[in-house]
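*Asks:* quick one, fold the following:
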Amino acid sequence: MPAKPKILVLPQPGLYAELFSDAADAQLHSLGDVTRNPESRNWDSAELASKIGEYDIIMTGWGTPRFTDEVLAAAPNLKLIAHTAGSIKHMLPPPVFARGIAVTHAAGAIAPAVAELTILLILLSLRQVHKLDAMLKRGEPWDTVKNAVVGREIAGQRVGVVGAGYTGRQVIRLLQGLGAEVWVYDPYLDMERAAALGVRHSALDDIFAQCPIVTLQAPPTKETYRMVGAKQLALLQDGAVFVNTARSHLVDEEALLAELRKGRFQAALDVFDQEPLPEDSPFRTLDNVVITPHVAGHSAQARRRQGQEMVNEIARFLSGEPLHYPVTVEMLEIMA
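*Replies:* This is a model prediction of the structure:
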């Protein structure tokens, strides 16, 4: 690695401004000779291949094209890819790792934002704030609205968390701070680590049957595809709260709609099979569903953490320290 490594930053100017504070920008420039994408669009793979040749470190982000064989062949000096977003699986083929290129990502920086929205959606559903708001805005009498709903608290309730990765662990921490009893299903979580987290290690069906609140935080993999289907949804208790701020890949959407139409439980959904959600989607009309447009990870603070963490990772890499958020080829299978 040269004394002044060449760093190529791919996020376009608007996103760059969201990701990097003045301090992070100054730190990045102190680490190497930085070149930024000057265009208000993402490059395609051919453009990237034409520009990547001299660079030692690449900072990637949302919209970065796949590192094709042509891109890799054009990048003989590449030693580190620092991804300012979460999942990187669709961008990196296995030859990246075979080349010995180090990879890091900012999923851990996004997790707190996703976790906060998850908790917000749980609390909103327990108190049915969306229903009270809609009734008042329709002009219904104050006392009618006031007596329409008896909300529930989260303290002392069993909450099932499906997935204990970066986001799942953040959700667990917040739930425990609110006094909830947390059950977790995660096939990669052993009993010892569950005990360290202070959670009950549970089977998936047990969580759906025994927990009045269930939230999904698992990644989309072959193993998790439609892991929640008609069987699990039928196990949910009447009055339960079901939250998905992970991926729609995890849920049989038709089975979910069928159960929601029965009005047995509340749902709060940030992710859907088809995005943008069609205007005629039944999810838009069900009054026992709160919907948001895949924004769980979007916060000003998350963006700044994403940029700062990747600058920190570059600094660690250049000083010979271990990366805090390394990505391995084995991780791609369980990555969102």
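
*Asks:* which strand residues bridge V159?
*Replies:* V182, I213 (DSSP bridges).

*Asks:* now A218: closest residue in space, sequence neighbours ignored.
*Replies:* Distances taken as C-beta to C-beta, 6 or more residues apart in numbering place G163 nearest to A218, at 3.2 Å, with adjacent residues excluded. C-beta coordinates here come from the backbone N, C-alpha and C atoms, glycine included.

*Asks:* how close does the one you found sit to E116?
*Replies:* Distance, G163 to E116, by C-beta to C-beta, to the nearest Å: 17 Å.

*Asks:* the residue nearest to A218: neighbouring residues, count only.
*Replies:* 26 (other C-beta atoms under 10 Å).

*Asks:* phi, psi of it?
*Replies:* phi 110, psi 120 (degrees, to the nearest 10).

*Asks:* now do the contacts for it.
*Replies:* G163 makes contact with Y185, D186, L216, Q217, A218, P219, A246 under the criterion C-beta atoms under 8 Å, 6 or more residues apart in numbering.

*Asks:* now neighbour count too, for those, in JSON lines please.
*Replies:* JSON lines is the format used below for those (neighbours: other C-beta atoms under 10 Å):
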{"residue": "Y185", "neighbour count": "25"}
{"residue": "D186", "neighbour count": "22"}
{"residue": "L216", "neighbour count": "28"}
{"residue": "Q217", "neighbour count": "29"}
{"residue": "A218", "neighbour count": "28"}
{"residue": "P219", "neighbour count": "24"}
{"residue": "A246", "neighbour count": "26"}
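
*Asks:* what is the nearest of those to K51?
*Replies:* P219 (31.3 Å; C-beta to C-beta).

*Asks:* and the pLDDT at the closest one?
*Replies:* pLDDT for P219: 89.

*Asks:* same thing with P94?
*Replies:* With respect to pLDDT, P94 has a value of 85.

*Asks:* ok, how many other residues are close to the closest residue to D252 other than its chain neighbours?
*Replies:* Spatial nearest neighbour of D252, chain neighbours left out: G229 (4.3 Å); criterion: C-beta to C-beta, 6+ apart. Counted by other C-beta under 10 Å, the residues lying close to G229 total 14.

*Asks:* G229 reaches E254, doesn't it?
*Replies:* No. Here G229 lies out of contact with E254, judged by C-beta atoms under 8 Å, at a distance of 9.5 Å.

*Asks:* fine, thanks again, bye for now.
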